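Visitor: with the sequence up front, the predicted model follows.
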Amino acid sequence: MARAGRRAGPTETREQILAAARRIFAEQGYDGATVRGIAAGAGVNAALLHHFFGSKQQLFVAAMNFPIDPAEQLPLLLSGPPEEIGERVARLFLGIWGDPAGRAPFLALLRSVASNEQAATMMRQFMMRTVLSGLAEHQGVPPLRATAAAAQMIGIVMLRYVVQAPPLVEASDDEIVALIAPVLQRYLTPE
């Protein structure tokens with residue numbers, strides 16, 4: 001009688017799921033990809049995908065090799081005083097990008113979304129669904145304002161860590177936060 005459960009010994013299942021996820025997310029975008037479709041593409045049951053990754057969002061984060069799960073950071077941003085959200089957003093971005101190990105996957109992702117429409121669509125759908133719409137809703141501001149806050153921070157990190165503009169590279173995180181937090185606060189405070 002055959003035993004139930006996973007086979008003994010090493011498995012390539014996780015890597016097969018990630019490969020299928022990358023392919024299907026690229027072909028169909030974040031919104032179009034389904035857990036069942038990815039599981040079928042990997043030749044596994046959807047339950048196995050849930051076993052390894054938990055959810056579609058967590059699978060996306062793993063497939064894109066994010067050093068952090070942006071959706072898991074949202075509760076941290078929202079958990080403090082509303083009048084300090086601009087500072088929390090600035091410090092989160094600078095903290096993530098300031099770590100060279102964390103920066104590498106984001107640099108690769110930025111290069112991909114800048115040069116590939118499929119990658120841009122996939123990232124846009126993921127960020128709108130999992131982070132920006134939740135931030136806007138919680139703060140009671142239009143999605144445009146949450147997106148503008150993100151654009152402001154992406155511009156800062158691009159100039160500081162990619163272009164390496166001397167004034168930004170030489171500035172401390174505290175100096176940058178002092179400059180940018182009031183702008184972010186304005187975006188994220190209802191009128």
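Guide: Looks like it arrived, so ask away.

Visitor: now the phi/psi pair for Pro190, please.
Guide: Note on Pro190: backbone dihedrals following degrees, to the nearest 10 are phi -60, psi 150.

Visitor: thought it was touching Gln139?
Guide: Yes - counting by C-beta atoms under 8 Å, Pro190 touches Gln139, with 6.9 Å between them. Every residue, glycine included, has its C-beta placed from N, CA and C.

Visitor: what about these two, which has more around it?
Guide: Here Pro190 and Gln139 are set side by side on neighbour count (other C-beta atoms under 10 Å), and the busier one is Gln139, at 19 against 9.

Visitor: outline the domain layout of the chain.
Guide: Using automatic domain parsing, the domain parsing of the chain gives 13-63, 70-187.

Visitor: who are the packing partners of the lengthiest helix in the chain?
Guide: The longest helix of the chain (DSSP state H) is helix 13-32. For helix 13-32, the packing partners by 3 or more C-beta pairs under 8 Å, 6 or more residues apart in numbering; DSSP states H and E come out as helix 35-42, helix 46-53, helix 56-63, helix 117-127.

Visitor: what's the most buried one of the ones you listed?
Guide: Among those, helix 56-63 has the highest mean neighbour count (mean count of other C-beta atoms under 10 Å), at a mean of 20.

Visitor: now that helix - C-alpha only, CSV.
Guide: Backbone C-alpha positions of helix 56-63 (Å, rounded to 0.1, in the frame of the first residue of the first chain) are rendered in CSV as follows:
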residue,chain,number,x,y,z
LYS,A,56,-1.2,34.2,-3.9
GLN,A,57,0.3,37.4,-2.4
GLN,A,58,3.0,35.5,-0.5
LEU,A,59,3.8,33.5,-3.6
PHE,A,60,4.2,36.7,-5.7
VAL,A,61,6.6,38.1,-3.1
ALA,A,62,8.6,34.8,-3.2
ALA,A,63,8.5,34.6,-7.0
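
Visitor: many thanks, we can stop here.
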